[in-house]
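A.B. asks: from the sequence below, what's the structure:
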Amino acid sequence: MTTTTLAVLVPLLPFLGAAAGLLLGRTTPGFVRPLAVLPTLAALVLAVLVAADQGGGRAIDAGTRLTPTGSVPVDLALHIDGFAALVAVLVGVVATCVQIYSTGYLRDDPRYPSYAALVSLFTSAMLLVVYSGDLMVLLVGWEVMGICSYFLVGHYWETPEARAASLKAFLVTKLGDVPFLIGLFALATDAGSFRITEILGAVASGGLAHPTLIALLLLAGVAGKSAQFPLHTWLPDAMAGPTPVSALIHAATMVAAGVYFTARLLPVFEASPAAMTVLAVMAAVTMAGSALAALAQDDIKRVLAYSTIGQLGYMTGALAVGDRGAAVFHLLSHGAFKALLFLAAGAVIHAAGTNSLAAMSRTGNLRDRVPDAYWTMTVALLALAAIPPFSGFFSKESVLGAAEHTATGHTAHAPGAAGWIVLVAGLITAVLTAAYATRLWLLAFRGRGADAPSHGRQPLTMTTVLWVLAVPSLALGGLTFRVLPDWFGGGSLAPALTTSVLGTGLALAGGIVTYGAWRHTTALAARIPMGAVAAHHDADAGLVEAEAIATHRPAYGDIAYAPDPADPGRLLLGPLHRHAAVGFHLDAVYAALFVRPVLAAADLVRFLDREVVETYVRAAGAVPRLLGAAVRRAQTGNVQTYVSALLAGAVVLTVAVVLVATGA
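C.D. replies: So this is what the prediction gives:
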């Protein structure tokens, strides 16, 4: 079997599994789990074989004319280079782990068959994006992922939060997809083809007439799909879906698609220095803003969601300085430890019975009850904080090193200003990332209250997957940064001394300061009576001891915790905390700028339709009705009345004739 045939089967197998799951899931429940796991696992094996055959060498290209469209044809084409081969393996690994994990996590869910089928379809769509050599075929996978995210985020559609989150995710990403589609057509028109190889050839020969316009239009779609400022607001709300779905979206599909697309077409963006600067600013704002927001979240999944936004900011920052090798390296590393973080968080939520870090901080023995989640999540958080020798250190340092090279003028792929923007924002974000990672670990696993009630033993499928993902989170860095350059075109990914020292030092400082703040706030919280909550926030001093407000409810997990006095995030952020907790009010800004004007316009249209248009419609029917009523009254059926009217008419006519004649 040829490599091309194997590559075709990689996205096809999960698609067939999804179709079979949707058709047979309800009638043959015994086949649901095999149909969920086996096609995805087979696709992973084939993706590994394709990657081994490609080997980081010459790209595999194959295609056939899909349909004649005139001047710009559409081809069913494959383009598998080192980037595509490795990203496909990542997608297969994460999707397989999510499917296996879900068999335990959602074992009692009545809608598991449709859930598993949609996860398989989601995986197939992302693999199509990764392997596609034609932008129109890539767009198919791009949009299928959007509709899959709508259904999966809204899996618990009985809750208003899930319904609102799924609709928001769909609309915000589509807001970016409209200019993205226009940009694709403009790019194909300038290049004369939708084939990626031909587009890159046209860029190399200077064949793009409008590079800045095309790049900015494409960036809108990238910002929506990869949750970059200002179209990132859908991702934290998407946590209303099942936790395994969050792992899939954040680690290997959906949000990774925008970064991967930009990496694949990076020469298009490099043709416009203005677009590269815009990309750098977008990455910098995304990194720093999302890290501040993560430090203020109470929901453990929302902390991880904002973390994903920030790490995607690192990837787009690497692209903004022209180093797609560093971007995809961090994409691979992040995919491993972020999938582990979400799946471990699911185990913690399962054990604690709550998503709230405030609630977890008031319970004890969590780390003893879920030791697998505790140890693997510790590994993943260290990787997230970029502490050596964990994988996140090597991939994040490759980004900072690339930014330093651009800032100091050692590369001509991007403006020097873009390098400085990414470097400064990346170092600031390194401090904040370590801070919120430390805060999450302390609040989740170092609680000092009473033990939470048991919610059952963790299924083996859940705990096994955690340890599988812990291996790349620990090793996918030091063992690979020497090998990956051969797959990524030869650029060095080794950590630079300056940024390594700065980044690691700042990360350690962020973690130590957060630990000190936690010790301080915990000491204050210990002086508050059990079953009570205190408001400790002061606009000037950060945290001050205040009068306790008793809000205890008997049921664990249903405790109305006002500002958590043991939360170090409040002390560190001070008056900025309340703004960071709501994402710096960006949703409110969107509501004021877009939602309310649209609703007002809709009310105006409804008023005009009811009070103006319908008035004419009603009048058109009322006038004939009134005339008919008047004529009907004249038709009495009385002969005397008719004769009298005839005589009266005759008299009137006679008088009129006489008057006219006399006047004449």
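A.B. asks: tell me how far residue 328 lies from residue 629.
C.D. replies: From residue 328 across to residue 629, the span is 80 Å (CB to CB, to the nearest Å). All C-beta atoms are positioned from the backbone trio N, CA, C, and that covers glycine.
A.B. asks: what about the two, which has more around it?
C.D. replies: residue 328 (29 against 9; other CB atoms under 10 Å).
A.B. asks: what residues does the more buried one make contact with?
C.D. replies: Neighbour list for residue 328: 83, 86-87, 259-260, 263, 315, 488 [criterion: CB atoms under 8 Å, 6 or more residues apart in numbering].
A.B. asks: now, which of these sits nearest residue 20?
C.D. replies: residue 87 (25.8 Å; CB to CB).
A.B. asks: tell me how far the closest one lies from residue 294.
C.D. replies: From residue 87 to residue 294 the distance is 25 Å (CB to CB).
A.B. asks: just residue 99 next, same as before
C.D. replies: With CB to CB as the criterion, residue 99 and residue 294 are 28 Å apart.
A.B. asks: ok, back up a step: any idea which of the contacts of residue 328 is closest to residue 524?
C.D. replies: When the contacts of residue 328 are compared against residue 524 (criterion: CB to CB), the nearest one is residue 315, at 38.8 Å.
A.B. asks: these two touch, right, the closest one and residue 332?
C.D. replies: No - counting by CB atoms under 8 Å, residue 315 stays clear of residue 332, with 10.3 Å between them.
A.B. asks: the two - which one has more neighbours?
C.D. replies: Using other CB under 10 Å, the more surrounded residue of residue 315 and residue 332 is residue 315, with 29 against 23.
A.B. asks: which residues of the stretch 451-600 of the chain score low on pLDDT?
C.D. replies: Applying pLDDT under 70 to the stretch 451-600 of the chain flags residues 451-457, 476-481, 490, 525-565.
A.B. asks: check the chain too.
C.D. replies: 69-70, 449-457, 476-481, 490, 525-565, 664.
A.B. asks: residue 9: what secondary structure?
C.D. replies: For residue 9, the assignment made with DSSP: H, G, I helix; E, B strand; the rest coil gives helix.
A.B. asks: swap that for residue 399, please
C.D. replies: helix.
A.B. asks: quick one: mark the members of the contacts of residue 328 that sit in helices.
C.D. replies: 83, 86-87, 259-260, 263, 315 (DSSP state H).
A.B. asks: so can I have CSV of these showing distance to residue 116?
C.D. replies: Formatted as CSV, these follow (distance: CB to CB, whole Å):
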residue, distance to residue 116
83, 29
86, 26
87, 23
259, 27
260, 25
263, 30
315, 29
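A.B. asks: nearest to residue 132 among those?
C.D. replies: When these are compared against residue 132 (criterion: CB to CB), the nearest one is residue 260, at 10.7 Å.
A.B. asks: show me the contacts for the nearest residue to the closest one once chain neighbours are set aside.
C.D. replies: Closest residue to residue 260 apart from its sequence neighbours, by CB to CB, 6 or more residues apart in numbering: residue 87 at 5.9 Å. Contact analysis of residue 87 by CB under 8 Å, 6+ apart lists 130, 256, 260, 328, 331-332.
A.B. asks: same check, this time on residue 83
C.D. replies: Taking CB under 8 Å, 6+ apart, one finds 260, 263-264, 324, 328, 487-488 in contact with residue 83.
A.B. asks: what's the helix or strand for the closest residue to residue 375 other than its chain neighbours?
C.D. replies: Excluding its sequence neighbours, the residue lying closest to residue 375 (CB to CB, 6+ apart) is residue 470, at 7.8 Å. Here residue 470 sits within helix 460-475, counting by DSSP states H and E.
A.B. asks: any idea how far the residue most central in space within the chain lies from residue 246?
C.D. replies: Nearest to the mean C-alpha position of the chain, counting by CA atoms, centre = their mean, stands residue 235 at 4.1 Å. Note on residue 235: its distance to residue 246, by CB to CB, is 9 Å.
A.B. asks: mutual contacts of the two, please.
C.D. replies: residue 305.
A.B. asks: pretty sure residue 289 is in a helix, no?
C.D. replies: Yes - Residue 289 sits within a helix when classified using three-state DSSP.
A.B. asks: that one: neighbouring residues, count only.
C.D. replies: With other CB under 10 Å as criterion, residue 289 counts 24.
A.B. asks: do the one 3 residues further on as well
C.D. replies: Counted with other CB under 10 Å, the neighbours of residue 292 add up to 26.
A.B. asks: ok, and the closest non-adjacent residue to it?
C.D. replies: Among residues not flanking residue 292 along the chain, residue 580 sits closest, at 4.7 Å (CB to CB, 6+ apart).
A.B. asks: make sure the one you found is indeed in a helix.
C.D. replies: Yes - residue assignment for residue 580, taken from three-state DSSP, places it within a helix.
A.B. asks: gap between the spatially closest residue to residue 172 that is not a sequence neighbour and residue 179?
C.D. replies: Closest residue to residue 172 apart from its sequence neighbours, by CB to CB, 6+ apart: residue 234 at 4.1 Å. Residue 234 sits at a distance of 17 Å from residue 179 (criterion: CB to CB).
A.B. asks: so for the two, which residue has more residues nearby?
C.D. replies: residue 234 (23 against 18).
A.B. asks: now the more buried one: how far from residue 249?
C.D. replies: For residue 234 relative to residue 249 (CB to CB), the value is 11 Å.
A.B. asks: then residue 236?
C.D. replies: Distance, residue 236 to residue 249, using CB to CB: 12 Å.
A.B. asks: the lengthiest helix in the chain - contacts with which helices or strands?
C.D. replies: The longest helix of the chain (DSSP H) is helix 160-191. Here helix 160-191 touches helix 135-153, helix 196-204, helix 211-225, helix 234-237, going by 3 or more CB pairs under 8 Å, 6 or more residues apart in numbering; DSSP states H and E.
A.B. asks: can I get those in a markdown table with distance to residue 662?
C.D. replies: A markdown table is the format used below for the helices and strands packed on helix 160-191 (distance: least, CB to CB, whole Å):
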| stretch | distance to residue 662 |
| --- | --- |
| helix 135-153 | 87 |
| helix 196-204 | 95 |
| helix 211-225 | 85 |
| helix 234-237 | 88 |
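A.B. asks: what sits up against stretch 161-171?
C.D. replies: 146-147, 149-151, 153-157, 233-235, 237-241.
A.B. asks: which of those are buried?
C.D. replies: Among these, the ones that count as buried by 16 or more other CB atoms under 10 Å are 146, 149-151, 153-156, 233-235, 237-241.
A.B. asks: checking residue 206 next. Helix, strand or coil?
C.D. replies: coil.
A.B. asks: count of neighbours near it?
C.D. replies: A count of nearby residues for residue 206, using other CB under 10 Å, gives 9.
A.B. asks: how about it, phi and psi?
C.D. replies: phi 70, psi 30 (degrees, to the nearest 10).
A.B. asks: start the count at 50 instead of 1 going forward.
C.D. replies: I'll keep to 50 as the first residue from here, and by that count the last item is residue 255.
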